[in-house]
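Q: Sequence first, then the predicted structure, then my questions.
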Amino acid sequence: MTTHSPRQVEHTITVAAPAEAVYELIADVRNWPRIFPPTIHVEYVQKGEHDEYIQIWATANGEAKNWTSRRILQPEQLRINFQQTVSVAPVASMGGAWLIEEQPGGALVRLLHEYRAVDDDPASMDWIDQAVDRNSRSELAALKQNVEAAHAAGELTFSFEDSVHIDGRAEDAFAFINEAGLWSERLPHVAKVRLDEDEQGLQTLEMDTVAKDGSTHTTKSYRVTFPVHSIAYKQVTLPALLTLHTGLWTFQEQPGGGVVARSQHTVVLNPETIAGVLGPQATVEDARAYVHSALSTNSLATLGHARTYAEKAR
């Protein structure tokens, strides 16, 4: 069988921000679910000063995938090299680099990829070509928007959490949140739900929830589960008021007994839709309060039912 040379592609974008600021945003992977639309969640597997291994959960052509990559950070050169150490079919190998170059008025961001398909299959290569092109364009556009809109980030982006104490075990509280396919039977604010887990620990959750005013909203999220201590998620079908919603459920055993269960949220408001949703006089602060209230109401309701479930199972 003939072995083909790896495919090499490059995507670029110009960002109106200092090159070092752009580099720092990319270097800290905790930013990725917020700034890169395909990214669901990232975990450090091993972290050194300039050499690290990370596990990434992201979508490719509408499918959720996960892989492990090694990154070499070169802050002096504003360069980050990456290489997948564990690739997922149809990808046989994948590597590349981020290069940020200072130029008049901002920074030139270059995203390089080099990859091969399993068995050099042409159909698989086409699939990878499309995924790399779509994700690269999406990531670079989101990076540009996020950096250039940084002045508004403090007002439009915010995080908060709700928590309850459970007189029970972490595994039971975790099980309630993990078994989201049963939520339409267990949670009054969930009218309809569908949970798929084609790969263990990587879930697709679609559900219809009922708001306080009686309206129904359909959402879709990708979830990454870490039994029995946390579930991270990213909502990909968003209500009009939001451009981003990521979250984290955590379950922490307490020294004196019991568990603290938390629901954490990070959201970014869409300023262009505030007037249409909340009225012409509504402000960003009104939208923050509305979103915070709506999400907290559902989170606390879910945590309350998880507490009842766990305490009965104790």
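A: Done, it's in.
Q: What mean pLDDT does the helix or strand hosting R134 get?
A: Using DSSP states H and E, R134 maps to helix 122-148. Averaged across helix 122-148, the pLDDT comes to 91.
Q: Stretch 266-281 too?
A: 94.
Q: Counting neighbours, which bits of it end up buried?
A: By neighbour count on 16 or more other C-beta atoms under 10 Å, the buried set for stretch 266-281 is T266, V267, V268, L269, N270, P271, I274. C-betas here are computed from N, CA, C, even on glycine.
Q: by contact count, what packs against the helix or strand the third one falls within?
A: Spelled out, that is V268. Secondary structure from DSSP H and E places V268 in strand 259-269. Contact here means 3 or more C-beta pairs under 8 Å, 6 or more residues apart in numbering; DSSP states H and E; on that basis strand 259-269 packs against strand 157-166, helix 170-178, strand 242-253, helix 284-313.
Q: Touching the helix or strand just after it from outside, list them.
A: Remark: after strand 259-269, the chain's next helix or strand is helix 274-278, criterion DSSP H and E. With contacts defined as C-beta atoms under 8 Å, 6 or more residues apart in numbering, helix 274-278 is touched by A240, L241, A282, T283, V284, D286, A287, Y290.
Q: Return the distance of D129 relative to P6.
A: 12 Å (C-beta to C-beta, to the nearest Å).
Q: now do S124
A: Taking C-beta to C-beta, one finds S124 at 13 Å from P6.
Q: and if you look at Q235?
A: Here the criterion is C-beta to C-beta. By it, Q235 lies 35 Å from P6.
Q: higher neighbour count, those two?
A: Set Q235 next to P6 and count neighbours by other C-beta atoms under 10 Å: Q235 wins out with 19 against 15.
Q: Quick check: closest non-adjacent residue to that one.
A: H245 (4.1 Å; C-beta to C-beta, 6 or more residues apart in numbering).
Q: which residues does that neighbour bridge with?
A: Under DSSP bridges, the beta-bridge partners of H245 are V267.
Q: And for it, the neighbour number?
A: 21.
Q: Return the residues in contact with it.
A: The contact partners of H245, by C-beta under 8 Å, 6+ apart, come to K234, Q235, L238, H265, T266, V267, V268, L295.
Q: May I see those residues arranged in TSV, with distance to G48 as well?
A: Formatted as TSV, the contacts of H245 follow (distance: C-beta to C-beta, whole Å):
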residue	distance to G48
K234	27
Q235	33
L238	36
H265	31
T266	27
V267	33
V268	31
L295	37
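Q: Could you pull up the residues touching the residue sitting nearest the centre point of the chain?
A: The geometric centre of the chain, computed from its C-alpha atoms, lies nearest to I40 (C-alpha atoms, centre = their mean), at 2.8 Å. Going by C-beta under 8 Å, 6+ apart, I40 touches P33, W57, A58, T59, A64, Y222, V224, A232, Y233, K234.
Q: go again using 7 Å as the cut-off
A: P33, W57, A58, T59, A64, Y222, V224, K234 (C-beta atoms under 7 Å, 6 or more residues apart in numbering).
Q: Of the residues you listed - the most surrounded one?
A: K234 (25 neighbours).
Q: if I look at that residue, how far off is E253?
A: Distance, K234 to E253, using C-beta to C-beta: 26 Å.
Q: Kindly report the domain assignment for this structure.
A: Following automatic domain parsing, one finds the domains of the chain at 7-148, 154-313.
Q: If we ignore the residues flanking it in sequence, what's nearest P239?
A: H217 (5.8 Å).
Q: what pLDDT does the one you found get?
A: 82.
Q: for this structure, where's the lowest mean pLDDT among helices and strands?
A: helix 150-156 (a mean of 64; mean pLDDT, DSSP states H and E).
Q: Please name whichever of the helices and strands packed on strand 259-269 is nearest to R137.
A: strand 242-253 (17.3 Å; C-beta to C-beta).
Q: got the angle between that closest one and helix 170-178?
A: Here strand 242-253 runs at an angle of 160 degrees relative to helix 170-178 (axes from the mean of the first three to the mean of the last three C-alpha atoms, to 10 degrees).
Q: residues of strand 242-253 that come out buried?
A: Buried residues in strand 242-253, counted by 16+ other C-beta under 10 Å: L242, T243, L244, H245, T246, G247, L248, W249, T250, F251.
Q: Closest one to E185 out of those, please.
A: Nearest member of the buried residues of strand 242-253 to E185, counting by C-beta to C-beta, is W249, at 19.1 Å.
Q: For the chain, which residues score under the pLDDT cut-off?
A: The chain contains residues with pLDDT under 70 at 1-3, 150-154.
Q: Pull out the buried residues from the helix or strand harbouring E206.
A: E206 belongs to strand 202-210 when assigned by DSSP H and E. For strand 202-210, burial by neighbour count (16+ other C-beta under 10 Å) applies to L202, Q203, T204, L205, E206, M207, T209, V210.
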